[in-house]
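[1] Structure, please.
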Amino acid sequence: MIKNWLRIQDKVLSETRIFTLMEVLERSPYNSREHTFCVIDSPDWVNLVPITDQGELVMIRQYRHGSQQVTLEIPGGMIDVGEEPVAAAIRECREETGHIVDQVTSLGVLNPNPALFGNKLHTFYGHVTDVDDKVHVSETERTEVELVRISDVRRYLLDGTIDHALVCATLWRFLDQGSGE
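    Predicted coordinates for the structure are as follows:
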């Protein structure tokens, strides 16, 4: 039977504004030996699938520094301290796209990468009710809105047009739960 390990100690290796790299000491439940592992502590994240009355998803193109490429994604980001996940999803959508959503429904919670991260990804879909011309723009993040027909999403997932793993997981849940075509 697989058992949980016992965390003995945490040691911060590096802190950034979006995550903390830690070295942890854990004891094996099988032989009581201690081993060190690297883990990343980060706030929980959200993803939102915004749907227009015309059956389109409001998506964004943005440059990603890790892959050094422009990606096609749904709105999402980190949950602020004290913020509820659904409020964060609505905020991120408005900041990144200018679209305002309501009737937000949960698609569930995922572990982004449990080998390294302890945080959660809260996934949602919602219906666009209005558009605000004041899209959030910063020195380090620019987004361009792209409307994608729901009927095209499956093809984009399969052909790699949409390749961000967390976005893919959210969109597959959206399509599977009867929300998509």
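
[2] where along the protein do the helices fall?
    Assigned by DSSP state H, the helices in the chain fall at 85-97, 150-159, 165-176.

[3] Mean neighbour count, these: which tops it?
    Greatest average neighbour count among these goes to helix 85-97 (a mean of 22), per mean count of other CB atoms under 10 Å. C-beta: built from backbone N, CA, C; applies to glycine.

[4] Pull the distance from that one to the chain's centre.
    11 Å (CA atoms, centre = their mean, to the nearest Å).

[5] So which elements touch it?
    strand 45-51, strand 56-64, strand 76-78, strand 99-110, strand 121-131 (3 or more CB pairs under 8 Å, 6 or more residues apart in numbering; DSSP states H and E).

[6] for these, which one sits closest to residue 153?
    When the helices and strands packed on helix 85-97 are ranked by proximity to residue 153, the top entry is strand 56-64, at 6.5 Å, counting by CB to CB.

[7] Pull out the buried residues from the closest one.
    Along strand 56-64, these residues count as buried under the neighbour rule (16 or more other CB atoms under 10 Å): 56-60.

[8] Would you map out the domains in the chain?
    Listed domain ranges for the chain are 6-41, 45-176 (source: automatic domain parsing).

[9] Tell me which of those domains is the most buried.
    Sort the domains of the chain by mean neighbour count, taking mean count of other CB under 10 Å, and domain 45-176 sits at the top with a mean of 17.

[10] before we move on, the earlier item: could you dump the helices of the chain into CSV and include distance to residue 36 and mean pLDDT?
    Putting those into CSV (distance: least, CB to CB, whole Å; pLDDT from 0 to 100) gives the following:
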stretch, distance to residue 36, mean pLDDT
helix 85-97, 32, 95
helix 150-159, 37, 97
helix 165-176, 27, 97
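
[11] Nearest to residue 23, out of these?
    Residue 23 lies closest to helix 165-176 among these, at 25.0 Å (CB to CB).

[12] Show me what that closest one is packed against.
    Contacts defined by 3+ CB pairs under 8 Å, 6+ apart place helix 165-176 against strand 45-51, strand 76-78, strand 99-110, strand 121-131, helix 150-159.

[13] quick one: low-confidence ranges for this structure?
    For the chain, residues meeting the criterion pLDDT under 70 lie at 134-137, 178-181.

[14] Please identify which of the helices of the chain is closest to residue 71.
    Nearest of these (CB to CB): helix 165-176, 8.0 Å.

[15] Could you tell me the angle between the closest one and strand 56-64?
    Put simply, helix 165-176 runs at 170 degrees to strand 56-64, going by axes from the mean of the first three to the mean of the last three CA atoms, to 10 degrees.

[16] Quick one: residues contacting residue 56.
    Residue 56 makes contacts with 147-150, as judged by CB atoms under 8 Å, 6 or more residues apart in numbering.

[17] Also residue 84?
    Neighbours of residue 84 in contact, by CB under 8 Å, 6+ apart: none.
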